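Novice: Task: produce atomic coordinates for the following.
(chains A and B)
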Amino acid sequence: GDSVTQTEGLVTLTEGLPVMLNCTYQTIYSNPFLFWYVQHLNESPRLLLKSFTDNKRTEHQGFHATLHKSSSSFHLQKSSAQLSDSALYYCALSVPYQGGRALIFGTGTTVSVSP
Amino acid sequence: EAAVTQSPRNKVAVTGGKVTLSCNQTNNHNNMYWYRQDTGHGLRLIHYSYGAGSTEKGDIPDGYKASRPSQENFSLILELATPSQTSVYFCASGDTGRGQNTLYFGAGTRLSVL
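Specialist: So this is what the prediction gives:
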């Protein structure tokens, strides 16, 4: 079935260093829509960025990701981490679901940025 | 201007009791969803609805029912609550424009079943 895999449960880094969060997916559908959601402490998940175009870089709020259908990947990157980037990050896949559409989420990656 | 509102925000229930979680959206989205969030599992889909009067089972529907009486309202019902249902529950509404299905989440309900 459809699934999303995030291999890192926790990423700890120092402010100013680059961040890369891994996301791979499995789906039978040839035109997947991929998303990154971010959830800060005691808040709800909110959309960070999304893509459905193969090999096109998508950017938002200093983060970027590129959908690569050849490798079924949608990794999230940022060149220089800030303290405010500490949060839980979810990769998600949009799939047709019993007459509608639903998001399938990965297990999430917690990012902790220290001074 | 919160577009997805959940109530209650916190709930303590007893095992075997009935619990109803409510959700209201002002986005005029057709799709609405209930997810639960647990460490190590991420967000898992319980039930969803693609319009008033419809409900569909998600990936983990056992022990839960759902009700969508109107475009704006979507409830999650635990008829016989169990401690394993202690979790944080999120309601979301979905914009399916161009098939993308961007979700907008409520603030969440923290449920403890004792």
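Novice: Any idea how far apart the tips of stretch B:3-12 sit?
Specialist: 25 Å (Cα to Cα, to the nearest Å).
Novice: Apologies, that question was intended for stretch A:21-31.
Specialist: Stretch A:21-31: ends 22 Å apart by Cα to Cα.
Novice: Buried residues in stretch B:57-75, which are they?
Specialist: Across stretch B:57-75, burial judged by 16 or more other Cβ atoms under 10 Å in any protein chain shown covers B:Gly58, B:Pro61, B:Tyr64, B:Ala66, B:Ser67, B:Arg68, B:Gln71, B:Glu72, B:Phe74, B:Ser75. In this view, the C-beta of every residue, glycine as well, is placed from N, C-alpha and C.
Novice: And those residues, which is closest to chain A?
Specialist: Chain A has its nearest neighbour among these in B:Gly58, at 7.0 Å by Cβ to the nearest Cβ.
Novice: So that closest one sits against B:Ile46, correct?
Specialist: Yes - in this structure, B:Gly58 is within contact of B:Ile46 by Cβ atoms under 8 Å, at 5.0 Å.
Novice: Quickly list what's touching both of the two.
Specialist: Any residue near both B:Gly58 and B:Ile46 by Cβ atoms under 8 Å, 6 or more residues apart in numbering or on different chains counts here, and that gives B:Trp34.
Novice: what does the helix or strand of chain A with the lowest mean pLDDT contact?
Specialist: When each helix and strand of chain A is scored by mean pLDDT, DSSP states H and E, strand A:100-105 comes last, with a mean of 84. Residues outside strand A:100-105 that contact it (Cβ under 8 Å, 6+ apart): A:2-4, A:35, A:37, A:90-95, B:30-31, B:33, B:35, B:42-45, B:48, B:50, B:56, B:58, B:94, B:96, B:99, B:101, B:103.
Novice: Would you write a ChimeraX line that selects the buried entries of the residues you listed?
Specialist: The buried residues among these can be selected in ChimeraX (16+ other Cβ under 10 Å) with this line:
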select /A:2,4,35,37,90,91,92,93,94,95 /B:30,31,33,35,42,43,44,45,48,50,56,58,94,101,103
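Novice: Not counting its neighbours along the chain, what's nearest B:Leu21?
Specialist: Excluding its sequence neighbours, the residue lying closest to B:Leu21 (Cβ to Cβ, 6 or more residues apart in numbering or on different chains) is B:Leu76, at 4.4 Å.
Novice: Who are the contact partners of the one you found?
Specialist: By Cβ under 8 Å, 6+ apart, the contact set of B:Leu76 is B:Thr20, B:Leu21, B:Cys23, B:Trp34, B:Ile46, B:His47, B:Tyr64, B:Lys65, B:Ala66, B:Tyr89, B:Cys91.
Novice: host element of it?
Specialist: Element membership for B:Leu76 (DSSP states H and E) is strand B:75-78.
Novice: Now do the helix or strand just after that strand, average pLDDT.
Specialist: Note on strand B:75-78: by DSSP H and E, the next helix or strand toward the C-terminus is strand B:87-95. The pLDDT scores in strand B:87-95 average 93.
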